[in-house]
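K.L.:
Generate a structure from the sequence data that follows.
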Amino acid sequence: PGHADFVPAMITGAASADVGILVVAATPGEFEAGFKESSNGVVGGQTREHIILARGLGVSQLIVAVNKLDAAEPKWSQKRYEEIKTKLLPFMLANGLKPKRVRFVPISGLTGINIKETPSPSNVPILSSWYEGPTLLEAIDTFEPAKRNSDKPLRVILTDVYVEGKGVTTRGRVVQGVVQVSDKLVVLPIGDPATVIRIEHGALGADDGGSIDRNKYATAGDTVEIILSGVDVARLSSGCVLSHPHLSLRPLVKRKCVAKILVMEQLGVPIIRGTTALLHMHSVDVPAVISKLVAVNNRDGSIKKERPRILPGGCNATVEVTLQEKICMEEYTACRALGRFVLRRGGDTIALGIIETVL
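P.N.:
Residues are numbered from 1 along each chain as shown. You can find the predicted model right below:
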């Protein structure tokens, strides 16, 4: 976790990821600076915000790489490692991560210790005396494969658009469905038709066999380059969505929705009707207004209070959100990637939300 100004870029990355590695520094004072709470107008640490955002944007498995442990006092201190673990783990579990989906790995990024090779008593006697777990690369190999929605209507969220040779090259992630060469698609929210002339997977892994057929289609979970014809590059931008042209298979293009939100604990100013914020969804950010406070909810989803006047920090609520411009949005149950968002105001995250109904 770095500077607060990089959070919008982190939102785009986390929104297209299934799993993540959270790197925290074990050096004295550095972990505490990243994990401190907000108080009296002082912005809290980035480690907290990154965990909350990653979980809210669909990252379900995390490896915590406890870095710079060779610079802790004393070197490779088990006490320091356990201290970081006991502070982070309850916070991660409180944010909805499951205990078996979180792993802690002590490393030194500078010297490469415990990243690829298991530390031996000859080169790192202190670490090898108390740590018997996996290296960072071994821990990455233990990630559970994510469930894919290949049977749902096609949704490809674009993150980059450029012209190269013949056609328009778009880079994006297939969040659900399957796309094939020569498919006729529509680009939303602009509504322009396009045809797939080529699909490029970049470097195909050994298990893909480098087969020619694999370059003819892309399925849910793939990040690919799709070369389109029949569409003007000037009208495309990152955040556009490719879908099937049939109206019943398209996502809705609207500017109003009812959403369930979780308001951040450390909220400087409470949320009221008319609160303005920036709504971040995958790689799009749009100015938004909370146009109606519908209800404050209990944790189980039941209504605690209807038509509240304010939403304090830490509460669950149902609100109506109105955007400045139309974007592709769907109910969270229909498409997770287009039904999840983050609200930020003045450089701070104020709420995480999922769309219940598109109006």
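K.L.:
alpha carbons only for contacts and neighbour counts from here, please
P.N.:
Fine.
K.L.:
tally of neighbours for Ile272?
P.N.:
16 (other CA atoms under 10 Å).
K.L.:
so it sits right up against Arg307, yeah?
P.N.:
No: with contact defined as CA atoms under 8 Å, Ile272 does not count as touching Arg307 (10.9 Å).
K.L.:
tell me, what's touching these two both at once?
P.N.:
Leu293 (CA atoms under 8 Å, 6 or more residues apart in numbering).
K.L.:
after the lengthiest helix in the chain comes which helix or strand?
P.N.:
Longest helix in the chain by number of residues, with DSSP state H as the criterion: helix 78-94. Going down the chain from helix 78-94, the next helix or strand is strand 102-106, by DSSP states H and E.
K.L.:
And the contacts of the helix or strand that that following strand is followed by?
P.N.:
Using DSSP H and E, the helix or strand that directly follows strand 102-106 along the chain is helix 125-130. Under the criterion CA under 8 Å, 6+ apart, residues 75-78, 119-121 lie in contact with helix 125-130.
K.L.:
could these be laid out in JSON lines, adding distance to Leu158?
P.N.:
Shown next, in JSON lines, are these (distance: CA to CA, whole Å):
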{"residue": "Lys75", "distance to Leu158": "45"}
{"residue": "Trp76", "distance to Leu158": "43"}
{"residue": "Ser77", "distance to Leu158": "45"}
{"residue": "Gln78", "distance to Leu158": "44"}
{"residue": "Pro119", "distance to Leu158": "42"}
{"residue": "Ser120", "distance to Leu158": "45"}
{"residue": "Pro121", "distance to Leu158": "48"}
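K.L.:
If any of those residues are buried, put those into a PyMOL selection.
P.N.:
To isolate the buried members of the contacts of helix 125-130 in PyMOL, using 16 or more other CA atoms under 10 Å:
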select buried, resi 76+77+78+119
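K.L.:
for the protein, what are the low-confidence residue spans?
P.N.:
Low-confidence segments of the chain (pLDDT under 70): 1-2, 38-44, 203-212.
K.L.:
OK, contacts around Leu359?
P.N.:
With CA under 8 Å, 6+ apart, Leu359 has these contacts: 254-258.
K.L.:
nearest residue to Val319 other than its sequence neighbours?
P.N.:
Distance criterion CA to CA, 6 or more residues apart in numbering; nearest residue to Val319, sequence neighbours excluded, is Leu293 at 4.7 Å.
K.L.:
isn't there a helix covering that neighbour?
P.N.:
No: with DSSP: H, G, I helix; E, B strand; the rest coil as the criterion, Leu293 is located in strand rather than a helix.
K.L.:
What number of residues are in the vicinity of it?
P.N.:
22.
K.L.:
ok, now Phe31?
P.N.:
Neighbours of Phe31 using other CA under 10 Å come to 17.
K.L.:
Secondary structure element holding it?
P.N.:
helix 30-35.
K.L.:
all strands in the stretch 251-359 of the chain, in order from the N-terminus.
P.N.:
252-263, 271-272, 276-281, 284-297, 303-306, 310-311, 316-329, 340-345, 348-358 (DSSP state E, counting those that start in this stretch).
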